Each structure stands twice: as structure tokens, then as C-alpha cells.
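Q: My questions are about this predicted structure, shown below with the sequence.
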Amino acid sequence: MFYVSCSMNIKPLSDHILIEPIKEEEKTKAGIFLPETALKEKSEQGKVIAAGPGKKTDDGKIITLSVKPGDKVLFQKYGPSEIKVDGKEYLIAKEEDILAIIE
């Protein structure tokens, strides 16, 4: 995990995406409380906070990303890198780590 200690804006580069993970609920829709061990699994869903401009091709053209800030996404569990900014946890993923946009 990377730590960023000062208050700052984070602007992802290239095809990187800054994601705020969505925490799993402690209780299911049926009212069953989940044990703490079940909650320690990494989240696979998150909200896109910021996205880079896109991936640059060999000829210098930019291929724009399929996601934008505000999108709710499903991503690979162990793909993104974890960072901590001002005590809050975020993930930085490449576009290829994003599996779907949740509508």
C-alpha cells in the first residue's frame, strides 16, 4: 500500500483510474448479519473518482477510457494497487482491470 500524507488532488496518468472501494454491508437483504471474517475480503466494486486521459498508441494517438468519474464499476479483486490519502483508502487500477460498469 502506498501512503500519500498531505491533502492533494490525485490526477491519474495514461489509462489509470482512481477508485473509491464500496464497502460491503454487514447485513444481507434478508437480515442476516455477516461475520467479521467475511467482511475482510477485498471489495470488487467501487466508484470512479478520477480517470487519466487514456492510453497512448505507438503513433501518439490517445485512446479514451470507457469509464468516467461517477461510474460504479466491477474490477478484478487483486488487480488494483491500494493507496491511502488523508486516512482514506483508494485503489488505482488500469482500464484492463475494470471488468464492467454497473448501471
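A: Sure thing, it's come through. Small disclaimer: the values here were computed from a predicted structure and weren't measured. Residues are numbered from 1 along each chain as shown.
Q: only C-alpha atoms for contact and neighbour calcs from this point on.
A: Fine.
Q: where does this structure have low pLDDT?
A: For the chain, applying pLDDT under 70 flags the ranges 1-8, 24-29, 31, 33-43.
Q: please redo it, this time with the cut-off set to 90
A: Applying pLDDT under 90 to the chain picks out residues 1-11, 22-44, 76-79, 84-88.
Q: Which stretches in it count as helices?
A: 36-39 (DSSP state H).
Q: where exactly do the strands run in it?
A: According to DSSP state E, the chain carries its strands in the segments 2-4, 16-21, 45-51, 55-56, 62-63, 72-75, 81-85, 88-94, 98-102.
Q: Mean neighbour count, these: which tops it?
A: Ranked by mean neighbour count, these are led by strand 16-21 with a mean of 24 (mean count of other C-alpha atoms under 10 Å).
Q: just checking, what packs against it?
A: If you count contacts as 3 or more C-alpha pairs under 8 Å, 6 or more residues apart in numbering; DSSP states H and E, strand 16-21 packs onto strand 45-51, strand 88-94.
Q: The last one: partners in the sheet, and parallel or antiparallel?
A: Within its sheet, and counting by DSSP bridges, strand 88-94 is paired with strand 16-21 (antiparallel), strand 81-85 (antiparallel).
Q: wait, which of those strands is closest to residue 93?
A: Smallest distance to residue 93 across the strands paired with strand 88-94 (C-alpha to C-alpha): 5.2 Å, for strand 16-21.
Q: what's that closest one in contact with?
A: 12, 43-52, 54, 89-95 (C-alpha atoms under 8 Å, 6 or more residues apart in numbering).
Q: any idea how far residue 60 is from residue 12?
A: Here the criterion is C-alpha to C-alpha, to the nearest Å. By it, residue 60 lies 18 Å from residue 12.
Q: Then residue 68?
A: According to C-alpha to C-alpha, residue 68 stands 12 Å off from residue 12.
Q: joint contacts of those two?
A: Taking C-alpha under 8 Å, 6+ apart as the criterion, residue 68 and residue 12 both touch 50-51.
Q: could you list every residue that touches the residue lying farthest from the centre of the chain?
A: The C-alpha centroid of the chain is most remote from residue 59, which lies 28.8 Å away (C-alpha atoms, centre = their mean). Taking C-alpha under 8 Å, 6+ apart, we find residue 59 in contact with no residue.
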